[in-house]
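Student: Here is my input; please provide its structure:
(chains A, B and C)
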Amino acid sequence: MTRTSTATPLAPHPDRLFAADPAARTVARTVYQAVADAPIISPHGHVDAALIADDQPFADPASLLVTPDHYVLRLLHANGVGLDELGRPDRSGDGSVPDGRQIWHRLAAHWDDFAGTPVRYWFETELHDVFGLTEQPSAENADAQYDHLAELLTTPAFRPRALFDTFRIEVLATTDDPTADLAAHARLAADPSFRGRVLPTFRADAVFDPSRPDWRHVVTSIGQAAGIDTGTHAGLLAALRARRRYFIEHGATATDTGVLDAGSTPLSTAARERIHTTALLGPASLTEADAVAYRHDMLYRWAEMSVEDGLVMQLHPGVHRNHHRPTLERFGPDTGHDLPAVGSFTEPLRPLLEAFGTAPGFHLGLLPGRLRRSAVVVHRHPGGDRPVPRRGHRLGVVIPARHDMARRADAAYLASLVVSHQLSEEDAVRTAHRIVSDIPRATFKL
Amino acid sequence: MTRTSTATPLAPHPDRLFAADPAARTVARTVYQAVADAPIISPHGHVDAALIADDQPFADPASLLVTPDHYVLRLLHANGVGLDELGRPDRSGDGSVPDGRQIWHRLAAHWDDFAGTPVRYWFETELHDVFGLTEQPSAENADAQYDHLAELLTTPAFRPRALFDTFRIEVLATTDDPTADLAAHARLAADPSFRGRVLPTFRADAVFDPSRPDWRHVVTSIGQAAGIDTGTHAGLLAALRARRRYFIEHGATATDTGVLDAGSTPLSTAARERIHTTALLGPASLTEADAVAYRHDMLYRWAEMSVEDGLVMQLHPGVHRNHHRPTLERFGPDTGHDLPAVGSFTEPLRPLLEAFGTAPGFHLGLLPGRLRRSAVVVHRHPGGDRPVPRRGHRLGVVIPARHDMARRADAAYLASLVVSHQLSEEDAVRTAHRIVSDIPRATFKL
Amino acid sequence: MTRTSTATPLAPHPDRLFAADPAARTVARTVYQAVADAPIISPHGHVDAALIADDQPFADPASLLVTPDHYVLRLLHANGVGLDELGRPDRSGDGSVPDGRQIWHRLAAHWDDFAGTPVRYWFETELHDVFGLTEQPSAENADAQYDHLAELLTTPAFRPRALFDTFRIEVLATTDDPTADLAAHARLAADPSFRGRVLPTFRADAVFDPSRPDWRHVVTSIGQAAGIDTGTHAGLLAALRARRRYFIEHGATATDTGVLDAGSTPLSTAARERIHTTALLGPASLTEADAVAYRHDMLYRWAEMSVEDGLVMQLHPGVHRNHHRPTLERFGPDTGHDLPAVGSFTEPLRPLLEAFGTAPGFHLGLLPGRLRRSAVVVHRHPGGDRPVPRRGHRLGVVIPARHDMARRADAAYLASLVVSHQLSEEDAVRTAHRIVSDIPRATFKL
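Tutor: Down below sits the predicted model:
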């Protein structure tokens, strides 16, 4: 692509995210260089395994880069663009969907609205490093950029598996329904030509909350998948254990669960069975108190199962998913309408931690909603209370940009400790390696 | 004024609030200079419109700069000075009030207690830029400074309208009672010699809470002002709609409401009417649950009216006003005893947002208490979650100091993004303009 | 000690914690130097007065530096080391305890896990400044360092009183049970050869909560210590008043109280007496609501007594002590398992503040759990909302390292205000003096 004279250059700076102070910048460069090319361990992705197993070309630039990305949608929607105009199917509409080129024009027209946001940062890195663009998107270059991207997506180098290699992804964990057959994971594992690891993650939010309209359906489906009658609570637990084993056989090392609060008080067997039986009669039969008690008990059982089978337990308390019901009804989930809730962990998690907190091999990953702005995954930093963001990445192609950003942010923070003489440069480099490689491997038992 | 040899100079630095790093400072200067002289848009002031309409000289330095400023009072009171000693009429006292000179001496004696606070920062800028003082207040110069200030206040350049022009205020929104006749606003709008815009804001907190002792009086007064019987809830809503229209006819573009929590669950018409009728019998007849339900429904109605008439809806949930009742009883409100409360927004606002959140033209400005330390008004920053403070300004004469501080803080933040290569300098300047002019104009429909 | 060729040097940098920017660093040095050698006022220590009164040599390096320090234990435990392996007696174990040398080896083996933490920072300063070590602990030098430390502890310069002088401690407040005879305090006060001040602090958490299993025992013991029958609530209040007087006679200027929440609603005399009588029958007789109401009333009484007798009232709401019950049962309290709770202060403290908040001489020190990560004590900073940490110090020998860290952090913060022209250098130095000396003296009435 040749740049027109009026275009604004797109050229991510090699020192971006580092402090301006020359001493701190020099250290940050050293720390960053030590881990810049380390393989990517992505223990908390949202990529579909079939995408990689099938290795089909991506359809078009907009359906890859705009429509499925809830960060991008949220910012555009907040600036007045309808979700239907961005390619999300509108269940209350006439079924028509704009073509990719129109969507790209809308993105370009609102490019200034992204200024200074992490979304713009990721997007710029992605467009430049992965796709070789050298101009900021604009109304003038929207057609040319769209054509360039669309052409690249037809080439072998932009097939999912090729990108997986190019990005140096070593491990990618997907998020999967408890009834999933994991056929794509099995195909990848059996394929000698594919050298990465794509692991399933057991995500069964719906089974926790018997007041959900889909709870009965989910409970029945899990029973069918496991070949175990889930008409009793004991049956449900047995079916869940069976499905977890199935996931482990397919490489899973972790579960992932979102709950409204972190309550974990266990119930007696009798109480659990009673609520389970009542809930199977339908949501109308259930009191709110019983539904909450059931949910809290299930969180306790989750930890109990993790101690038994060794799956790492990831927990996201305090996120209201799909907060705006009319938008959910029109456009479905994952349109950028998840909001954090104020929540407490100390007291709610106590029953669970008292029972299992010091059990050998029990790993609990707490991902609090209020720290998870933009759905980042938070690890505790070895150097203090500062959370270290590890980006989720609904889209394979933004994975390297998000990991690179995290490595840069870590390098800048570690450099600030070095120049204020709280950490030696050697310890900073060692800590960066631990953050990028050792800690995710150990935490997720990879 | 000549400086004595022992005086400490008062000389606000041209680079104040900018980072020390030379590269960052250079960028901050550029960004700041681009907006330093932009007209002031003050959509959330607390100035009395009659002050400007009447254009009478200010009485004396203390009653302008100390007694009405709840930030200043709070700091002095926290350092042991009685509110009665600062000119607040004491309802339990003998009615005597210290003269302005005495109050100024008290301020000077405690000047060191302000060191490093935003209040000192504002005060220094104000005393230097508006009043030309060149020494820090002290016991030694208190009389001389008081005389200097008092003399200035008698001159035409220090009349309210002259200051309005000097400060380059383009729009000033006041806060007004729903029964206000807005005569001063009308006079200003009709006066060809006055070129600024002074707009009323509809603030009707008392009508939300039927457990307040003044609720019945307020409901009746609104009915009288509107010429509509408010004996029914339907009547009250009609009267409120009429008063909002009256405000719109006088230039209002916004309402402003403080509520203890952000609950917004609507009630049926029957339930609303029942509670309304009960509440009119007096607070004793009302259960707490009914009072809360009524309040939450009214918040829902408020959004409904905003969708109808287009008034921007500002909401301050979670502030306990006049927290210390004995002080309220002795000295009245606005003495610096408003405290933030821990609150949630995500779930409480859901009914309102689900009903009206995507209605065209509906603007909701959330001003959470915990971010509003010192009663600053918070706008979402285009560059992230960092709140951008836009100071409230109970006092006209501190308006330029507070807006200047905000512009400097924004310039410093944008410069930090530029030197860490997250934003180009051009985008930083453009963003500064948006923050200072475009966003307030668009948000408040000016 | 001679350094081996592979050892990593232990050499705390004279500019540590200061910003890298040369201008800010120069100012920080100036501010720090002005207070670096100021006497230590430690109003909130956890040292046992008998330790100083008896002046016996410390037993061995591990039982001084590792086993009693809950920060060190927490980090080692989080990295997989059992508390029993660190010298904490295990009530469910066989009674064997590792010797100090083994414990020191475990610390050395995990030294890298401390990188970048405040614990490492304190530990390095302590080992270097107090004990003269010049190498980072490691497996290679563990025996040599242990021998060096053990030998030093046998010398007169490392007796508690000698260290008290070396550290320039002017005032040290201990934390004491309401029934304590304070004999050690009396001995120190009567000893003309000891020139420091060691003051008791009245800490009676157990008396607040009648649902605690030890409440009846505590109430009876306080009655016995005071010679007053505590079978009635009036009797308990009289006994508490008597014990507070006893503490005041022994030099106390403050109480310290940890409560789960800050509720302070008073009860009628009749209600208090009724709950008190019920509670004396045993926890089973008591409803949870009554227990909470009793606790809230007691907080109100605490403030009432402070207004009467002038003791400063320190309050720690919102900390769950010994969160992990199995660990508490095996290893006792203070092993690093205190967790902060989300809490509100504004509304809960209102009754107390309305009754006593403006009483002359009433000092309330609020130490919120969420700001007290790592159990630091928080004072409000004169320059804003930034909390100024004053470290608690369970261990006498880490006192200077923690105060030095606080003085450096304050100097760095004040320097940042100076270089951004928000504070003059003279005001920064004056403010540093206030933080280190004047404010603790005034706050704690020393």
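
Student: what about the residue in the stretch 51-200 of chain A that chain C sits nearest to, how many residues close to it?
Tutor: In the stretch 51-200 of chain A, the residue that lies nearest chain C is A:Gly116 (21.2 Å; CB to the nearest CB). To be clear about C-beta, it is placed using only N, CA and C from the backbone, and glycine gets the same treatment. By other CB atoms under 10 Å in any protein chain shown, the residues close to A:Gly116 number 21.

Student: now A:Ala270: how far from B:Ala23?
Tutor: 69 Å (CB to CB, to the nearest Å).

Student: When these two are compared, which one has more neighbours?
Tutor: The neighbour comparison of A:Ala270 against B:Ala23 (other CB under 10 Å) goes to B:Ala23, with 14 against 9.

Student: Wait, a strand at the more buried one?
Tutor: No: per DSSP: H, G, I helix; E, B strand; the rest coil, B:Ala23 lies outside any strand segment and is helix.

Student: in terms of contact, does it touch A:Ala20 like I think?
Tutor: Yes: between B:Ala23 and A:Ala20 there is a contact at 4.8 Å, judged by CB atoms under 8 Å.

Student: what residues are shared contacts of the two?
Tutor: B:Val419 (CB atoms under 8 Å, 6 or more residues apart in numbering or on different chains).

Student: Please report how far A:Arg195 lies from A:Leu182.
Tutor: 19 Å.

Student: These two - which one has more neighbours?
Tutor: For A:Arg195 and A:Leu182, the more surrounded residue by other CB under 10 Å is A:Leu182, and the numbers stand at 21 against 10.

Student: Contacts only, for that one.
Tutor: By CB under 8 Å, 6+ apart, the contact set of A:Leu182 is A:49, A:176, A:200, A:246-247, A:250.

Student: Show me which positions of stretch A:179-188 end up buried.
Tutor: A:179-180, A:182, A:184-188 (16 or more other CB atoms under 10 Å in any protein chain shown).

Student: ok, back up a step: tell me which two in the contacts of A:Leu182 are the farthest apart.
Tutor: A:Ala49 and A:Tyr246 (14.6 Å; CB to CB).

Student: Neighbour count for those two, which is higher?
Tutor: Between A:Ala49 and A:Tyr246, A:Ala49 has the larger neighbour count (other CB under 10 Å), namely 25 against 19.

Student: Not counting its neighbours along the chain, what's nearest the more buried one?
Tutor: A:Ala184 (3.9 Å; CB to CB, 6 or more residues apart in numbering or on different chains).

Student: need the contact list for that neighbour.
Tutor: A:48-50, A:52-54, A:198.

Student: redo that, cut-off 6 Å
Tutor: A:49-50, A:53 (CB atoms under 6 Å, 6 or more residues apart in numbering or on different chains).

Student: closest to chain B among these?
Tutor: Nearest to chain B among the contacts of A:Ala184, with distances taken as CB to the nearest CB, is A:Ala49, at 32.3 Å.

Student: Is the host helix or strand of A:Tyr71 in proximity to chain B?
Tutor: In this assignment (DSSP states H and E), A:Tyr71 forms part of helix A:70-78. No: for helix A:70-78, no contact with chain B is found by CB under 6 Å from any CB of the partner chain; the gap never falls below 8.7 Å.

Student: mind listing what's buried in that helix?
Tutor: A:70-77.

Student: ok so, going back, where does the residue nearest to A:Ala49 sit: helix, strand or coil?
Tutor: helix.

Student: For the closest residue to A:Gly310 other than its chain neighbours, which three-state class applies?
Tutor: Distance criterion CB to CB, 6+ apart; nearest residue to A:Gly310, sequence neighbours excluded, is A:Gly361 at 5.7 Å. Put simply, A:Gly361 is coil when judged by three-state DSSP.

Student: can you tell me how far A:Gly361 sits from A:Met313?
Tutor: For A:Gly361 relative to A:Met313 (CB to CB), the value is 11 Å.

Student: between the two, which one's more packed in?
Tutor: A:Met313 (22 against 9).

Student: what's around the residue nearest to A:Gln136 when sequence neighbours are not counted, how many residues?
Tutor: Nearest in space to A:Gln136, with sequence neighbours left out and distances taken as CB to CB, 6+ apart, is A:Thr8 at 4.2 Å. When neighbours are counted by other CB under 10 Å, A:Thr8 registers 15.

Student: What about A:Thr8? Give its phi and psi, please.
Tutor: A:Thr8 adopts backbone torsions of phi -90, psi 130, taken as degrees, to the nearest 10.

Student: Please report the distance of it from B:Arg430.
Tutor: From A:Thr8 across to B:Arg430, the span is 11 Å (CB to CB).

Student: ok, now A:Ser285?
Tutor: 58 Å.

Student: And those two? Which one has more around it.
Tutor: B:Arg430 (19 against 13).

Student: check which helix or strand covers the more buried one.
Tutor: Counting by DSSP H and E, B:Arg430 is part of helix B:425-433.

Student: and whichever residue of the stretch 101-250 of chain A sits closest to chain B, which of the three is it?
Tutor: Using CB to the nearest CB, the single residue of the stretch 101-250 of chain A nearest to chain B is A:Gly116, 2.9 Å away. The assignment at A:Gly116 comes out as coil when based on three-state DSSP.

Student: my read: it touches B:Leu423, true?
Tutor: Yes: contact criterion CB atoms under 6 Å: A:Gly116 and B:Leu423 qualify, at 5.0 Å.

Student: So which bits of stretch A:352-366 are buried?
Tutor: A:352-357, A:362-365.

Student: quick one: which of these is nearest chain B?
Tutor: So of the buried residues of stretch A:352-366, ranked by how close each gets to chain B (CB to the nearest CB), first place is A:Gly365, at 22.6 Å.

Student: Not including adjacent chain positions, what is the nearest residue to that closest one?
Tutor: That would be A:Gln314: by CB to CB, 6+ apart, it lies 4.3 Å from A:Gly365.

Student: hang on, the one you found is in a strand, isn't it?
Tutor: Yes: under three-state DSSP, A:Gln314 sits within a strand.

Student: Kindly report the residues of the stretch 301-446 of chain A close to chain C.
Tutor: A:344, A:346, A:354, A:357, A:383, A:417, A:419-421, A:423, A:427, A:431.

Student: For those, work out which two are farthest apart.
Tutor: So for these, where distance means CB to CB, the most widely separated pair is A:Glu354 and A:Val419, at 42.5 Å.

Student: Run through the strands of chain A in chain order.
Tutor: Applying DSSP state E to chain A gives strands spanning A:40-42, A:169-173, A:197-199, A:254-259, A:312-317, A:319-320, A:339-340, A:364-366, A:377-380, A:387-390.

Student: avg pLDDT for the fourth one?
Tutor: Translated: strand A:254-259. Strand A:254-259 shows a mean pLDDT of 93.

Student: before we move on, back to that, would JSON lines of the residues of the stretch 301-446 of chain A next to chain C with pLDDT be doable?
Tutor: Shown next, in JSON lines, are those (pLDDT from 0 to 100):
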{"residue": "A:Ser344", "pLDDT": "73"}
{"residue": "A:Thr346", "pLDDT": "74"}
{"residue": "A:Glu354", "pLDDT": "87"}
{"residue": "A:Gly357", "pLDDT": "85"}
{"residue": "A:Gly383", "pLDDT": "28"}
{"residue": "A:Leu417", "pLDDT": "95"}
{"residue": "A:Val419", "pLDDT": "96"}
{"residue": "A:Ser420", "pLDDT": "95"}
{"residue": "A:His421", "pLDDT": "95"}
{"residue": "A:Leu423", "pLDDT": "93"}
{"residue": "A:Asp427", "pLDDT": "94"}
{"residue": "A:Thr431", "pLDDT": "94"}
